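Peer 1: no letters, just coordinates:
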Ligand code: UGA
């Protein structure tokens, strides 16, 4: 069992802290927001993540997981692993804003120095940071702590919202980067409960390699989606089917089947932010990432192409039409609406003069806070009432169980625009609906 302190109890910090406690370590999660910490102590989750509340509860009861606003106690523990998971939001120019990260690490290093704690301190940077940040953190900590008493490790996270617990406990790989043998040894011990089950730990010698791996993985995945969405547009024009295309292309082992699903464009807090950060720091380095830049532009085009698709399906101008928008989260399984395609679609529909009633099983409240004035229905049938078209923008399983016979009676026109190719097109067409998917002819 190791002593672990996690700085920043946001999405990554909380999932990581709870799951490390579940592996048997003694974990303290710290956050500057007292309301969040008080809520967590009462078992209230600040984020929506299936299964997380149970992991937090069982490790709290076992006294392996605690929460607080003051890191000084935890920083006095010998041989501490300090995981830094504070947010790195996009600045106005797309670059990552690192002020919170540097201030948290500087404060922690100061507290560690004052504590006179023995043993080695391993500082693990889990936040997604531009290449070179860990090196800068190292220089900053060196002003506070003696050489040899600490090491810096880069340990990027690859968790997906909605399946973060599964991703943590069954990782494809865990990446750790450090030039310090003591730091790498601490990470081997931290993840031993996973590596002993055969999950691979990929060790890289330079902090910069590890930092770069995180961007490369996200940009690679986003590029696949960008490409398949472009294929979808071409498929529509030539009468081809993008889902069949993805299945066949993905069957090539060199390509693989994952992340080839066409849709309304990708969203979320990670792909768009990481693409922007990579293009920003690559340009600063004098080697612009032209492919990442093109993926950002293509994704914007994809999101904004959806209103025209809806207009074509309705068969008339959207001004004065009522649209039911089902699905607001950037993907199913989360209540996160950051950069969700539904946001662009909604604003394009409203700009075209349509009136929109939206429904989402988890994200309605967040969406309403972000887009004041939007009509959010608390049930699917209420969103469908008198609609000229229903638009599926998120692939929630709940939408598979809609009684479309009954829905048809509620709607003004039987039009379905399925931006996730989620529903059974043939059945809906047989029921008399006009059906439009993405990248297929129907
Ligand atoms: C993504 C990565 O998948 C994680 O590995 C990474 O840890 C995380 O970012 C991060 O950097 O923190 P996440 O943003 O939770 O995870 O969501 P994804 O499941 O990757 O989906 C991203 C977007 O792509 C969603 O809008 C989704 O609907 C879209 N998508 C995904 C597609 O349009 N097609 C696909 O085939 C897959």
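Peer 2: Nice, I can see it. Note that the structure is a prediction, hence the values are computed from the model and not measured.

Peer 1: next SSE downstream of the helix or strand bottoming out on mean pLDDT in the chain?
Peer 2: Among the helices and strands of the chain, helix 364-370 carries the lowest confidence by mean pLDDT, DSSP states H and E, at a mean of 87. Downstream of helix 364-370, the next assigned helix or strand under DSSP states H and E is strand 375-376.

Peer 1: show me what the helix or strand following that following strand is in contact with.
Peer 2: Heading C-terminal from strand 375-376, the first helix or strand you meet, by DSSP H and E, is helix 380-384. Taking Cβ atoms under 8 Å, 6 or more residues apart in numbering as the criterion, the residues outside helix 380-384 that touch it are 324-326, 357-359, 377, 390, 398-399, 402, 406-407, 410-411. For the C-beta atoms, the positions are set from N, CA and C on the backbone; glycine is no exception.

Peer 1: wait, what's in contact with residue 328?
Peer 2: If you count contacts by Cβ under 8 Å, 6+ apart, residue 328 has them with 337, 340, 342, 358-360, 363-364, 366-367, 393-394.

Peer 1: can you rerun that using 7 Å?
Peer 2: Under the criterion of Cβ atoms under 7 Å, 6 or more residues apart in numbering, the neighbours of residue 328 are 337, 340, 342, 358, 360, 363-364, 367, 393-394.

Peer 1: check residue 167 too.
Peer 2: Neighbours of residue 167 in contact, by Cβ under 7 Å, 6+ apart: 158-160.

Peer 1: can you tell me which of the contacts of residue 328 are in helices?
Peer 2: Assignment to helices by DSSP state H places the following of the contacts of residue 328 there: 342, 364, 367.

Peer 1: quick check: residue 153 is in a strand.
Peer 2: Yes: counting by DSSP: H, G, I helix; E, B strand; the rest coil, residue 153 is found in a strand.

Peer 1: and it, how far from residue 50?
Peer 2: Between residue 153 and residue 50 the distance is 29 Å, computed by Cβ to Cβ, to the nearest Å.

Peer 1: what about those two, which has more around it?
Peer 2: Comparing residue 153 with residue 50 by neighbour count (other Cβ atoms under 10 Å), the higher total belongs to residue 153, at 27 against 14.

Peer 1: quick check: mean pLDDT of the host helix or strand of residue 185?
Peer 2: Using DSSP H and E, residue 185 sits within helix 181-190. Helix 181-190 shows an average pLDDT of 97 in the prediction.

Peer 1: show me which positions of that helix end up buried.
Peer 2: 182-184, 186-187, 189-190 (16 or more other Cβ atoms under 10 Å).

Peer 1: how far off centre is that helix?
Peer 2: Between the mean C-alpha location of helix 181-190 and the chain-wide mean there is a distance of 27 Å, by Cα atoms, centre = their mean, to the nearest Å.

Peer 1: same deal with stretch 181-197?
Peer 2: When C-alpha coordinates are averaged (Cα atoms, centre = their mean), stretch 181-197 and its chain have centres 26 Å apart.

Peer 1: for that stretch, measure first residue to last.
Peer 2: Between the opening and closing residues of stretch 181-197 we find a distance of 23 Å, counting by Cα to Cα, to the nearest Å.

Peer 1: could you tell me which residues within the next helix or strand after the helix holding residue 185 count as buried?
Peer 2: Scanning the chain past helix 181-190 towards its C-terminal end, the next helix or strand to appear is helix 192-195 (assignment: DSSP H and E). Of the residues in helix 192-195, those scored as buried under the neighbour-count criterion (16+ other Cβ under 10 Å) are 194-195.

Peer 1: elements contacting the next helix or strand after helix 192-195?
Peer 2: Read in the C-terminal direction, the helix or strand following helix 192-195 is strand 201-204, with elements assigned using DSSP H and E. Contacts defined by 3 or more Cβ pairs under 7 Å, 6 or more residues apart in numbering; DSSP states H and E place strand 201-204 against strand 174-177.

Peer 1: packing partners of the strand it packs on?
Peer 2: Other elements packing on strand 174-177 under the criterion 3+ Cβ pairs under 7 Å, 6+ apart are strand 150-154, strand 201-204, helix 207-238.

Peer 1: make JSON lines out of these and add distance to the ligand and mean pLDDT.
Peer 2: As requested, these are exported to JSON lines (distance: least, Cβ to the nearest ligand atom, whole Å; pLDDT from 0 to 100):
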{"stretch": "strand 150-154", "distance to the ligand": "14", "mean pLDDT": "98"}
{"stretch": "strand 201-204", "distance to the ligand": "15", "mean pLDDT": "98"}
{"stretch": "helix 207-238", "distance to the ligand": "4", "mean pLDDT": "97"}
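
Peer 1: pick the most deeply packed of the ones you listed.
Peer 2: Between those, the one whose residues have the most neighbours on average, counting mean count of other Cβ atoms under 10 Å, is strand 150-154 (a mean of 25).

Peer 1: relative to helix 181-190, how tilted is that strand?
Peer 2: 60 degrees (axes from the mean of the first three to the mean of the last three Cα atoms, to 10 degrees).

Peer 1: ok, and what's touching strand 150-154?
Peer 2: Contacts of strand 150-154 with the rest of the structure, by Cβ under 7 Å, 6+ apart, involve 120-125, 134, 137-138, 141, 176-178, 180, 182-183, 187, 207, 210-211.
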